[in-house]
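Undergrad: here is my input; please provide its structure:
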Amino acid sequence: MQEQLTELVTVLRQEIEQYRRLLAVVRRERGRIVRGELAGVVEAVRKKEAITQELANLEAARAALLDRLREELGDPGSPFTLAQAAALAPAKHGQTLREIVIEFRGVVGLLMAANEVNRTLLDRSLDFVQGSLELFRTVATAPAYTSGGRFGEAARSATALNQTA
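TA: Model (predicted):
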């Protein structure tokens, strides 16, 4: 059990480090969103995907370690959480695990908040673009007077709009 607990602590520290890297990328991404740097946003997404893949591997390792701990403790039926592992671990490992779980939750909470800010910024950017396109569509198809002086629906081309602007 000591060996699995030591491995679990190592995996959790690696996960926390990856979450910190991901948080840094998300924070840089925010600036790129605000500045409208599409290439920078695309680069951030690629980095996030790579880190997310590493996190998936670490999560699988963590789950396997928790399964081994659960079996060793004789509870094969129910899922085994980090909090349960920390509560059942001997004093030294238990305290270390509790501290790491708190740190883990904190980093994940910060990441969730940062992602929410970025999501909101992207949603607002899309709303702005859609509003601009709607305004352009309205101007491009606005009613106009016909050559006979009558009011009618005459579609203007973007070329005509650019010439009058």
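Undergrad: what residue ranges in this structure score low on pLDDT?
TA: Residue ranges of the chain with pLDDT under 70: 75-77, 139-165.
Undergrad: go with 90
TA: 1-5, 36, 38, 67-94, 122-165 (pLDDT under 90).
Undergrad: now the strands: where do they sit in it?
TA: 144-145, 151-152 (DSSP state E).
Undergrad: let me see the contact set for the closest residue to Leu69 other than its chain neighbours.
TA: Once flanking residues are discounted, Leu69 sits nearest to Gln4: 5.2 Å by C-beta to C-beta, 6 or more residues apart in numbering. Using the backbone N, CA and C atoms, a C-beta is placed for each residue, glycine as well. By C-beta atoms under 8 Å, 6 or more residues apart in numbering, Gln4 lies in contact with 65, 68-69, 72.
Undergrad: contacts for stretch 19-30?
TA: Residues outside stretch 19-30 that contact it (C-beta under 8 Å, 6+ apart): 40-41, 44-45, 47-48, 51-52, 55, 104, 107-108, 110-111, 114-115, 117-118, 121.
Undergrad: from the contacts of Gln4, which land in helices?
TA: Within the contacts of Gln4, residues falling in helices by DSSP state H are 65, 68-69, 72.
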